[in-house]
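Trainee: sequence plus the predicted model coming up.
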Amino acid sequence: MKDDIRKVFTRLGADVCGVANIDRFAAAPEGFGPRDIFPDCRSVVVFGIAIPTGTTMVSPRIVYKQFSRISRIELDRIAFYASLEIERRFHGYAVPIPSDDPYDYWNPDDLEGRGILSMRHAAVLAGLGTLGKNTMLLSRDFGNTLNIGAVLTSLDLPSDELLESVCLPDCRLCIEACPAGALDGVTVNQKLCRMNTYSTNERGFEVTKCNACRVVCPMRYGAGKA
């Protein structure tokens, strides 16, 4: 069944797809675990689509922002239609999760937001990659170009194998490249990052001014890829 469900996601456009059984989420922060959203959840299907690598080679202001936004729309589309198919074909309940916003948690003093489920951590638990020092998901095949979506299901599916990190142990390029000093190699200071990164141009369009931590990573396109 798991392989058939994986094929549903890839047919809908996912580049990668993995599964984490609910037992892997025992350490999830209170209020942010799969069963805080859906009490009958037994498994989380996590999937990703890669942004075009060319978008990381240009100024991030307009192009990067626009197609990062479109990738999130695509993730939510895949999650929605895959959930319908899981329910119709495999007779389990399925709950698509927003890949980014909307979410409830917001600390205005620290400019800290939290998705209702951490996509990055879910992806690690589903064997899609590990976290780099810039806190982004880092995949052997896709580097840090993957954006992540997830579906909770009542189906009891076995977990995929966890992966070993491809983040270079002694590398500090992302930490040193951050103009806001928002990275310490483990976490990101959201306030410093948001204030430096997100803005609007004179026309009123949202722009992303910085993606330095992504583009300086030697593994940004995957292991052995320049």
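Mentor: Everything's here; your move.
Trainee: which parts of the chain are strands?
Mentor: Along the chain, counting by DSSP state E, strands occupy 16-21, 43-50, 94-97, 105-107, 112-114, 130-131, 137-138, 146-153, 198-200, 206-208.
Trainee: list the buried residues of the last one.
Mentor: Within strand 206-208, the residues that qualify as buried by neighbour count (16 or more other CB atoms under 10 Å) are 207-208. Heads up, the C-betas are built off the backbone N, CA and C, glycines and all.
Trainee: which outside residues touch that strand?
Mentor: Contact with strand 206-208 is made by 60-62, 64-65, 68, 197-201, as judged by CB atoms under 8 Å, 6 or more residues apart in numbering.
Trainee: please pick the buried ones from these.
Mentor: Neighbour-count burial (16+ other CB under 10 Å) applied to the contacts of strand 206-208 gives 60-61, 64-65, 68, 197.
Trainee: these in helices, which ones?
Mentor: Applying DSSP state H to the buried ones among the contacts of strand 206-208, the entries found in helices are 65, 68, 197.
Trainee: adding distance to residue 166 and pLDDT, write those out as CSV.
Mentor: What follows is these, written out as CSV (distance: CB to CB, whole Å; pLDDT from 0 to 100):
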residue, distance to residue 166, pLDDT
65, 27, 88
68, 22, 90
197, 25, 92
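Trainee: now flag whichever of those residues is closest to residue 19.
Mentor: residue 68 (25.5 Å; CB to CB).
Trainee: right, and that closest one touches residue 51 too?
Mentor: Yes: using CB atoms under 8 Å, residue 68 is in contact with residue 51, at 6.4 Å.
Trainee: can you list residues touching both of the two?
Mentor: Jointly contacting residue 68 and residue 51 under the rule CB under 8 Å, 6+ apart are residue 147.
Trainee: show me the shaky parts of this protein.
Mentor: For the chain, the stretches with pLDDT under 70 are 226.
Trainee: from residue 41, how far off is the residue of it most remote from its centre?
Mentor: Computed with CA atoms, centre = their mean, the residue of the chain farthest from its C-alpha average is residue 202, at 29.9 Å. From residue 202 across to residue 41, the span is 45 Å (CB to CB, to the nearest Å).
Trainee: go on, residue 120?
Mentor: Separation of residue 120 from residue 41 (CB to CB): 18 Å.
Trainee: how long is stretch 17-37 end to end?
Mentor: 21 Å (CA to CA, to the nearest Å).
Trainee: kindly reformat the buried ones among the contacts of strand 206-208 as a markdown table containing distance to residue 12.
Mentor: Output for those, formatted as a markdown table (distance: CB to CB, whole Å):
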| residue | distance to residue 12 |
| --- | --- |
| 60 | 28 |
| 61 | 31 |
| 64 | 24 |
| 65 | 24 |
| 68 | 19 |
| 197 | 30 |
